[in-house]
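1. predicted model and sequence follow; I will ask about them next.
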Amino acid sequence: MDNNFVSELVGTAILILLGNGVVAAVLLTKSKAQNSGWIVITFGWGMAVTIGVYAAGPFSGAHLNPAVTLGLAATGDFPWKEVPIYLAGEFAGAILGAVLVWLAYLPHWKETVDPGLKLACFSTGPAIRKPLQNAITEVIGTAMLLIGVLAIGINKGAAASGVGPLLIGLLVLSLGLSLGGPTGYAINPARDLGPRIAHAFLPIAGKGDSDWSYAIVPVVAPIIGGIIGSVIFNLVWPN
């Protein structure tokens, strides 16, 4: 089995287990962290990214995000021949991570009445449902993600000290605090689509539908944003 595939699968599974896990902790009934709020969710996601990047970084470079993979490929910074392997690992890992969240919180799904809260433990949804505006938010957020990740990547001090993954996690924390309010900041097609697929097939009590009518926004918009962010970075900070 391809080592890059395994690395992206494991890293993305960790990302989703810890990231969607903190959402479940905050939203599900009778969780000890119930109602602890947006700060807890964004901090949890930042740490989830940090651990996922530390885990996969030495092996595949830890994209963990199709928007990163496609953004880098679009500007010639990543070989197109490797793209299918990375995407397969990212989406498979996202599904696996979501299944693990479901198992970890197994008694709580039945206790939680609102199907919207259950879906939110898997995929994102907008605060105000305006698909075009929601897409713009995701494009801006993902472009900023790519610019930040690439800027951290060229910082020799961060590379030498080994704090790069932590800085990327803090970047994601900042994005959640600053830009996460309108859409829940997917900024990663695998992070949204993989768990949404898991939500559709898992036997979750009273789960409702998987809101496929919105799914195109957190899948397509981050890809556009990732390409834009990579292009901007290469124009402003040319190699």
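-> Looks like it arrived, so ask away.

2. what's the spacing between the residue minimising distance to the centre of the chain and Ala67?
-> In the chain, the residue lying closest to the centroid (Cα atoms, centre = their mean) is Arg191, at 3.9 Å. Separation of Arg191 from Ala67 (Cβ to Cβ, to the nearest Å) stands at 9 Å. Heads up, the C-betas are built off the backbone N, CA and C, glycines and all.

3. quick one: the strands in this protein?
-> For the chain, no strands are identified by DSSP state E.

4. ok, the spatially closest residue to Val149 that is not a sequence neighbour - contacts?
-> In this structure, Val149 finds its nearest non-sequential neighbour in Ile168, 5.8 Å apart by Cβ to Cβ, 6 or more residues apart in numbering. Contacts for Ile168 (Cβ atoms under 8 Å, 6 or more residues apart in numbering) come out as 49-50, 53, 148-149, 152.

5. inside helices: which ones of those?
-> In this view, these that belong to helices under DSSP state H are 49-50, 53, 148-149, 152.

6. are any of these buried, and which?
-> 49-50, 53, 148-149, 152 (16 or more other Cβ atoms under 10 Å).

7. okay, these in TSV with pLDDT and distance to Thr75 next?
-> TSV is the format used below for these (pLDDT from 0 to 100; distance: Cβ to Cβ, whole Å):
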residue	pLDDT	distance to Thr75
Val49	98	22
Thr50	98	25
Val53	98	20
Gly148	97	16
Val149	97	13
Ile152	96	17
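
8. between these, which sits nearest Val236?
-> If you rank these by distance to Val236 using Cβ to Cβ, Gly148 comes first, at 12.8 Å.

9. so what's the residue count around the closest residue to the closest one other than its chain neighbours?
-> Among residues not flanking Gly148 along the chain, Leu171 sits closest, at 4.3 Å (Cβ to Cβ, 6+ apart). As a burial measure, Leu171 scores 20 neighbours (other Cβ atoms under 10 Å).
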